[in-house]
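[1] this one's structure only:
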């Protein structure tokens, strides 16, 4: 027994003394970094190590020491736009080289199924577009859909260059936003798709924000459990938003609200609290643009409630740096909760 304990201790000590140089998965080949900014860049290694960072657009080498937990963090100044660049990261034993990095605009796209609607759902506009997609100045990052009770610090996916394969299953609206921004700004654009169909705004809001408000807690308790989606507060904030809070973004786009129609009375304070919590987590007041939900024949007594929810969405315009897109004129079939005209929605958002 004693010899087994010694072996375990020795093995654990060896493992800890040989900690690998690691970066979060969103620091990957093909990524886009926000332009004209100081972007956080960080990772882990062994304790008391000197980490050297060589961004190819800078002339100086950046040096930073790991802390007692092996964590390190620095800031990289980014130019107006450009690329492709590399970032080389070195510790005493390891080297990581990130390649094909662009510097431009980074936008987070989130919400429920209308934001996530894609070629998988046979959306005709993106199906028509797919064969022609070949723009290396557009990059996409698809957040993996899973939920957790605990905030996560990393993700399960990496950046990809926009092409027919990488955009297959990716948010139509997010792609068309990137296409318009890239053409009009003439800079690289990266879009992150963090969306999940059927989800209420509560799951995208930190749990403590909901719990600290009796009103928000009351309405959150009315969300029903379903096998296809999480319904408890904070579950997708933890996995699909929180890991990104140190990744610099230009702003966010949001398309959601259908799953909060039955509790429309609490939507304005909920949505406002969600936006404020995101901005607080990132540490700056980034622009937040959203879509007012489209008319739909709910056939469950919620027809008027959806109009009330649209009013609630309009109230959130009182927050600074917010904008709302109206799409009522784009609806040709009120029996389809997923309006087909996603290109026009994307163009209005962008």
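    Alright, I've got the coordinates. Since the model is a prediction, treat every value here as computed from it, not as a measurement.
[2] Can you give me the domain boundaries for this structure?
    For the chain, automatic domain parsing gives the domain ranges 21-102, 105-349.
[3] highest average neighbour count across those?
    Highest mean neighbour count among these (mean count of other Cβ atoms under 10 Å): domain 105-349, with a mean of 19. Quick note: C-beta positions are derived from backbone N, CA and C, even for glycine.
[4] what does the average pLDDT come to for that one?
    For domain 105-349, the mean pLDDT works out to 95.
[5] helix or strand for residue 76, which one?
    strand 71-77 (DSSP states H and E).
[6] What of residue 248?
    Using DSSP H and E, residue 248 falls within no helix or strand.
[7] And the one 4 residues further on, by the same measure?
    In this structure, residue 252 sits in strand 251-255 according to DSSP H and E.
[8] ok, and what's touching that strand?
    The contact list for strand 251-255 (Cβ atoms under 8 Å, 6 or more residues apart in numbering) reads 107-112, 114-115, 173-174, 177, 195, 278, 286-291, 321, 345, 349.
[9] Within the sheet, what are the partner strands of it, with directions?
    Using DSSP bridges, the strands paired with strand 251-255 are strand 95-111 (parallel), strand 288-291 (parallel).
[10] How far does the shortest one sit from its chain's centre?
    Which is strand 288-291. Computed by Cα atoms, centre = their mean, to the nearest Å, the chain-centroid distance of strand 288-291 equals 14 Å.
[11] Return the list of helices and strands in contact with the strand holding residue 76.
    Under the contact definition 3 or more Cβ pairs under 8 Å, 6 or more residues apart in numbering; DSSP states H and E, strand 71-77 sits against strand 38-44, strand 50-55, strand 62-65.
[12] all helices in the stretch 151-300 of the chain, in order from the N-terminus.
    164-167, 172-185, 207-211, 214-220, 235-236, 267-282 (DSSP state H, counting those that start in this stretch).
[13] Select, out of these, the one closest to residue 341.
    The minimum distance between residue 341 and the helices of the stretch 151-300 of the chain falls on helix 172-185, with 10.4 Å, by Cβ to Cβ.
[14] Remind me what that closest one packs against, helices and strands.
    Packing partners of helix 172-185 (3+ Cβ pairs under 8 Å, 6+ apart): strand 95-111, helix 113-116, helix 124-129, strand 135-142, strand 189-195, strand 251-255, helix 342-349.
[15] Turn the ones you listed into TSV, including distance to residue 163.
    Shown next, in TSV, are those (distance: least, Cβ to Cβ, whole Å):
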stretch	distance to residue 163
strand 95-111	13
helix 113-116	20
helix 124-129	12
strand 135-142	8
strand 189-195	14
strand 251-255	22
helix 342-349	19
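[16] For the closest residue to residue 184 other than its chain neighbours, give me its contacts.
    Take residue 184 and drop its neighbours on the chain: the residue closest to it by Cβ to Cβ, 6 or more residues apart in numbering is residue 350, 7.7 Å away. Counting by Cβ under 8 Å, 6+ apart, residue 350 makes contact with 176-177, 180-181, 184.
[17] Give me the distance between residue 350 and residue 146.
    Look at residue 350 and residue 146: by Cβ to Cβ, to the nearest Å, they are 29 Å apart.
[18] now residue 91
    For residue 91 relative to residue 146 (Cβ to Cβ), the value is 31 Å.
[19] contact partners of stretch 141-159?
    So stretch 141-159 is contacted by 24-26, 28-32, 139-140, 160, 169-170, 190-194, 196, 203, 230, 235-240, 242-244 (Cβ under 8 Å, 6+ apart).
[20] and if we set it to 7 Å?
    Residues outside stretch 141-159 that contact it (Cβ atoms under 7 Å, 6 or more residues apart in numbering): 24-26, 28, 30-31, 139, 170, 190, 192-194, 196, 230, 235-236, 238-240, 242-243.
[21] what distance separates the start and the end of that stretch?
    Length of stretch 141-159, first residue to last, Cα to Cα, to the nearest Å: 5 Å.
[22] I'd guessed residue 162 sits against residue 135; true?
    Yes: Residue 162 lies in contact with residue 135 (Cβ atoms under 7 Å); the separation is 5.4 Å.
[23] So what's the gap between stretch 148-160 and the chain middle?
    On the basis of Cα atoms, centre = their mean, stretch 148-160 sits 10 Å off its chain's mean C-alpha point.
[24] Residue numbering should commence at 622 henceforth.
    Shifting the count to begin at 622 puts that one at stretch 769-781.
[25] what's the span of that stretch from first residue to last?
    Chord length of stretch 769-781, first to last residue, is 25 Å (Cα to Cα).
[26] I'd like the helices of the stretch 772-921 of the chain written out as TSV, with distance to residue 876 added.
    Compiled in TSV, the helices of the stretch 772-921 of the chain are given as follows (distance: least, Cβ to Cβ, whole Å):
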stretch	distance to residue 876
helix 785-788	18
helix 793-806	6
helix 828-832	21
helix 835-841	20
helix 856-857	15
helix 888-903	12
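[27] Residue 871 is nearest to which of those?
    helix 793-806 (9.1 Å).
[28] re the thing from before, the strand holding residue 697 pairs with which strands?
    Sheet pairing of strand 692-698 (DSSP bridges) gives strand 659-665 (antiparallel).
[29] Run the angle between the partner strand and strand 671-676 for me.
    140 degrees (axes from the mean of the first three to the mean of the last three Cα atoms, to 10 degrees).
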